[in-house]
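K.L.:
My questions concern the predicted model and sequence given below.
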Amino acid sequence: MEHNGVSTAMRERVRQVLKEVEQQYGVKVLYACESGSRGWGFASPDSDYDVRFLYVHPPEWYLRVDAPRDVIELPIDDTLDVCGWEWRKALGLLKRANPTLIEWLDSPIVYQQDETSIGALREQVPLWFSADRARWHYYSMARKNFRGYLQGEQVRLKKYFYVLRPLLAVRWIEAGKGAPPMRFADLLDVTVDDPLLRREIDELLARKQRAGEAEYGLPMPRLHAFIAAELARGETPSELPQSERAQAGMLDRLLYQTVMA
């Protein structure tokens, strides 16, 4: 049985890995989700699982002169890529409007979560979101991936989505809609109204979901033209609406409440 493209057996395997992380590192996992193509909604049959999590240590961990390592990274195998950020690190990243963290909190595939702490964290997102910072993050990602992956006579089909998704996120932000959703389909429905472009993207999406991760094909002229135009337009951003900035004391309280719970 599958839920959002992840089988019950795989969910149980991920949860078991997270339990082992808690035991090995002496932490509590507050949240775990999919962050890669499965979370974005365009996984291939052989896509791996990109599990990202947030965790908190016991109080004494925070009472040290030298700050310990605040990331847990497990060895990557053929199926699982598992990485986590410590809670204070995550709150600091939210204060800096980190788009990646904000994406994780919108993942449609959640393996486990502490409802109290993660609910409070999600409530903070609109207060810290920066349209300028997010726009530049996604625009830079699209430009880098386009130059790195879509320039040959044959291209990996999956890489189109690593360019299209951030470009549609830019469109979403420029429309004043706030933080972009993680799911590609949600971005697509709102930001693409050209029927020919939409049909080509839909056809490519269906093809990728049937094919393997490594499938190559000829460049697609309509998609290339759209990407080139969006990248050229992105060099001169328009003025964007800004959220009101919150006070850091709100994050300090959330850190204290979570650590001391």
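P.N.:
Thanks, I have it.

K.L.:
starting at the chain centroid, how far to whatever helix or strand Met10 lives in?
P.N.:
Using DSSP states H and E, Met10 maps to helix 8-25. Mean-position distance between helix 8-25 and its chain equals 21 Å (C-alpha atoms, centre = their mean, to the nearest Å).

K.L.:
And the pLDDT at the residue nearest the centre of the chain?
P.N.:
With distances taken as C-alpha atoms, centre = their mean, Glu103 lies nearest the centre of the chain, 4.0 Å away. Looking at Glu103, its pLDDT reads 96.

K.L.:
count of neighbours near the nearest residue to it once chain neighbours are set aside?
P.N.:
Nearest residue to Glu103 in three dimensions, chain neighbours excluded: Met182, at 5.1 Å (C-beta to C-beta, 6 or more residues apart in numbering). C-betas here are computed from N, CA, C, even on glycine. Look at Met182: counted by other C-beta atoms under 10 Å, it has 23 neighbours.

K.L.:
List the residue ranges of the stretch 51-200 of the chain that fall below the pLDDT cut-off.
P.N.:
Nowhere does the stretch 51-200 of the chain drop to pLDDT under 70.

K.L.:
rewinding a little: residues in contact with the following helix or strand past the helix holding Met10?
P.N.:
Stepping forward along the backbone from helix 8-25, the first helix or strand reached (DSSP H and E) is strand 28-34. The contact list for strand 28-34, computed with C-beta atoms under 8 Å, 6 or more residues apart in numbering, reads 6, 14, 18, 21-22, 39, 49-56, 84, 87, 104-105, 107-114, 117-118, 258.

K.L.:
how far does strand 28-34 sit from the chain's center?
P.N.:
On C-alpha atoms, centre = their mean, the centre of strand 28-34 falls 14 Å from the chain's centre.

K.L.:
What is the next helix or strand after it packed up against?
P.N.:
Sequence-wise, the next helix or strand downstream of strand 28-34 (DSSP H and E) is helix 37-40. Counting contacts by 3 or more C-beta pairs under 8 Å, 6 or more residues apart in numbering; DSSP states H and E, helix 37-40 packs against strand 49-56, helix 158-174.
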